[in-house]
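Participant: quick one, structure for this:
(one chain, ligands or ions: 1)
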Amino acid sequence: MYDIIIIGGGVVGALCAEALSKYEANIVLLEAASDLAAGATGANSGIVHAGFDAKTGSLKAKFNVRGAKLMPGLCKRLGVGYKNNGSLVIGFSGDEEQLAELYARGVENGVKELSLIGKEELHALEPNVSPEAVAALYAPTAGIVCPYSLAIAAAGVAMDNGVGLEYDCRVTAIEKTENGYKAVCENGRSFEAKYIVNAAGLHSDDIAALVGDRGFSVRPRKGEYILVDKTQGKTVSRTVFVCPSAMGKGILVSPTFDGNLILGPTSEDVDDKENRQTTYEGLQKVLEGARRSVPCVRAAAITSFTGLRAVGSTGDFIIRKSADNFLTFAGIESPGLSSAPALAEYAEQTLLADGAVSKIKNGYKTERRPAKFMSELSFDEKNEYIKKDPAYGRIVCRCEEVTEGEIRDALENNPPAKTVDAVKRRVRAGMGRCQGGFCSPVVIGMIAKSLNIPYGQVTKCGEGSFITTGRTKGDQ
Ligand SMILES: Cc1cc2nc3c(=O)[nH]c(=O)nc-3n(C[C@H](O)[C@H](O)[C@H](O)COP(=O)(O)OP(=O)(O)OC[C@H]3O[C@@H](n4cnc5c(N)ncnc54)[C@H](O)[C@@H]3O)c2cc1C
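Facilitator: Take a look at the predicted model:
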């Protein structure tokens, strides 16, 4: 019997787990996929929004501003990449009124240091922005973060503090018990707890419905992206948005924390909560949109991907008690990543008020070393590591300079990686220009050894996603 079950290992569930792990409580995080950050957290723009976009008084505005404030300290503590690069919403002729509205809203929402700037200042800040842009809203407090690293690092610290993590556990039924709830998973396993936190992203409405809360729905809105080679990563220094529309913030051009350039997302309401395909039409829209803001953008794509926004039926985040001792986070679309630290803070306060947690553990852990660190060290520091452990001297991923030691740590440390994509998300092996062409065979071999399974049983991202079909060389 657990005290708390958290359903969903995205950034919201993982940060809730981390925040609650400091208490003397028996907690388990149930994730449907074979790794954390398998939903929206693994496929978004990675922007820590300043907080001017959301309607004043909305939950989105409140949690965005607070979350953005907490983000730098949280990332530092968890060893996650964060950069305060600032953002610009650029305006073309006719957009001036909308920029002024965004500015006024930002000030009301409590965003600091916002300013409206003219053409000259805009082009001095970002010389590659379209010469047709006439003004901009400048938000120096905005930032960029690696979203999946944040979820993984938070879950890692939570596990170090004793939280259990169960992959491949899709909750399909919830029964009321004498002391709380019993969550039953697709794989037949079940978990009992006194309290449930529902952070199931796109499926948070389905989970709430399992305890009778059918008062809202969540629909997917598709966003396609192009990720551009690091050679183009400095095309802009700040995140460049256009004026938002009813469908979202439009197509942005931004550096990523890891030095690539990201273009996207499109915005299309769809019905299928699992369809993450990219399309030719969608990627063309991304390129056209990006070139409208930054005409010199080159299509030096290293990959493309789709994220699905969890759009709630109220137009705002939906945060409520779906039943007694059952806290639901739903409709956590953008700015959900920026808000996540504040949502976790809210979960902690709510569970404290409900008496689900009370006593703080002795010596709980709050910090963590970055998972990929060798390439950041000086020559002498690298040598120190290699002397102690030669695995840190063997480069496996040439593009991203990831060592065997770092990959081994990703397989062994909390939360353990069990698939090729999970290794990628932790240490970036396979995320570079060759997209795993060189390192995948070694990574697969290391996963097979760590899980003690045949090479051919290793998957890309869990169930059925086998990578090899048989030997191509030799006869052993
Ligand atoms: C295209 C796009 C762009 C975005 N850009 C930004 C941005 O730049 N800045 C920003 O602040 N926000 C952005 N967001 C929003 C942000 O990504 C989300 O708000 C955030 O990732 C939501 O996290 P989550 O944990 O609520 O959901 P998710 O990350 O979706 O996690 C939910 C988890 O629950 C699991 N799950 C689902 N059902 C079950 C079940 N039955 N049992 C067990 N587990 C289950 C899923 O597998 C998943 O891992 C963007 C989103 C998208 C899609």
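Participant: pull the number of nearby residues for A61.
Facilitator: Neighbours of A61 under the rule other CB atoms under 10 Å: 25. The C-beta positions use only the backbone N, C-alpha and C, and glycine is treated the same way.
Participant: that one: what secondary structure?
Facilitator: The three-state label given to A61 by DSSP: H, G, I helix; E, B strand; the rest coil is helix.
Participant: not counting its neighbours along the chain, what's nearest it?
Facilitator: Distance criterion CB to CB, 6 or more residues apart in numbering; nearest residue to A61, sequence neighbours excluded, is A54 at 3.9 Å.
Participant: what residues are up against the one you found?
Facilitator: Neighbouring residues of A54 by CB atoms under 8 Å, 6 or more residues apart in numbering: K60, A61, N64, N109, P335.
Participant: ok, the fourth one - contacts?
Facilitator: Residues in contact with N109, defined by CB under 8 Å, 6+ apart, are G51, F52, A54, T56, A61, N64, V65.
Participant: filter these down to the buried ones, ChimeraX style.
Facilitator: Of the contacts of N109, the buried ones can be selected in ChimeraX as follows, counting by 16 or more other CB atoms under 10 Å:
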select :51,52,54,61,64,65
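Participant: out of the contacts of N109, which sit inside helices?
Facilitator: Secondary structure defined by DSSP state H assigns A61, N64, V65 of the contacts of N109 to helices.
Participant: re the thing from before, out of the contacts of A54, which is nearest to V294?
Facilitator: Checking the contacts of A54 against V294 with CB to CB, the nearest one is P335 at 22.4 Å.
Participant: roughly how far does that closest one sit from V65?
Facilitator: According to CB to CB, to the nearest Å, P335 stands 9 Å off from V65.
Participant: ok, G470 next?
Facilitator: 55 Å.
Participant: rewinding a little: just give me the closest of the ones in helices among the contacts of N109 to Y148.
Facilitator: Within those, proximity to Y148 (CB to CB) peaks at N64, which comes in at 19.7 Å.
Participant: check whether that closest one really touches S339, as I assumed.
Facilitator: Yes. Assessed by CB atoms under 8 Å, N64 is found in contact with S339 at 5.0 Å.
Participant: of the contacts of A54, which ones also sit close to the ligand?
Facilitator: P335 (CB under 6 Å from any ligand atom).
Participant: as TSV, the contacts of A54 with pLDDT would be great.
Facilitator: Below are those laid out as TSV (pLDDT from 0 to 100):
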residue	pLDDT
K60	98
A61	97
N64	98
N109	97
P335	97
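Participant: of the contacts of A54, which is the nearest to the ligand?
Facilitator: For these, the closest approach to the ligand (CB to the nearest ligand atom) belongs to P335, at 3.7 Å.
Participant: now for the closest one, how many residues are close by?
Facilitator: Residues near P335, counting by other CB under 10 Å: 24.
Participant: need the three-state assignment for I444.
Facilitator: Under the three-state scheme (three-state DSSP), I444 adopts helix.
Participant: wait, what's in contact with G445?
Facilitator: In this structure, G445 makes contact with Y455, judged by CB under 8 Å, 6+ apart.
Participant: pull up the gap between it and the ligand, please.
Facilitator: Noted for G445: a distance of 27 Å to the ligand, by CB to the nearest ligand atom, to the nearest Å.
Participant: try N362
Facilitator: Separation of N362 from the ligand (CB to the nearest ligand atom): 29 Å.
Participant: which SSE is the closest residue to M446 other than its chain neighbours in?
Facilitator: Nearest residue to M446, sequence neighbours excluded (CB to CB, 6+ apart): I407, at 5.7 Å. Taking DSSP states H and E as the criterion, I407 maps to helix 404-412.
Participant: same question for G13.
Facilitator: Judged by DSSP H and E, G13 forms part of helix 11-20.
Participant: just checking, S21 touches G156?
Facilitator: No. Using CB under 8 Å, S21 is not in contact with G156, being 10.4 Å away.
Participant: for the closest residue to the ligand within the stretch 301-450 of the chain, which residues are in contact?
Facilitator: Nearest to the ligand, among the residues of the stretch 301-450 of the chain, is G336, at 1.8 Å (CB to the nearest ligand atom). Contact partners of G336, counting by CB under 8 Å, 6+ apart, are V11, V12, A40, A310, F317, L343.
Participant: got a pLDDT number for it?
Facilitator: In this model, G336 is scored at 98, pLDDT.
Participant: just give me the neighbour total for the residue nearest to M446.
Facilitator: I407 has 27 neighbouring residues, counting by other CB under 10 Å.
Participant: just F191 next, same as before
Facilitator: 20.
Participant: now do it against the ligand, distance only.
Facilitator: The spacing between F191 and the ligand, counted by CB to the nearest ligand atom, is 11 Å.
Participant: what about the residue in the stretch 351-476 of the chain that the ligand sits nearest to, how many neighbours?
Facilitator: The stretch 351-476 of the chain approaches the ligand most closely through G462 (10.2 Å), counting by CB to the nearest ligand atom. Using other CB under 10 Å, G462 is surrounded by 17 other residues.
Participant: G212 now?
Facilitator: Neighbourhood size, G212 [other CB under 10 Å]: 12.
Participant: and for T266?
Facilitator: T266: 23 surrounding residues under other CB under 10 Å.
Participant: just the one 10 residues further on next, same as before
Facilitator: By the criterion of other CB under 10 Å, R276 has 16 neighbours.
Participant: just checking, it touches G282?
Facilitator: No. Between R276 and G282 there is no contact, the gap being 11.5 Å when judged by CB under 8 Å.
Participant: mutual contacts of the two, please.
Facilitator: Common contacts of R276 and G282, defined by CB under 8 Å, 6+ apart, comprise T306.
Participant: ok, back up a step: common neighbours of P335 and V65, please.
Facilitator: Counting by CB under 8 Å, 6+ apart, the contacts common to P335 and V65 are G51.
Participant: show me what contacts N26?
Facilitator: By CB under 8 Å, 6+ apart, the contact set of N26 is M1, Y2, D3, I4, G162.
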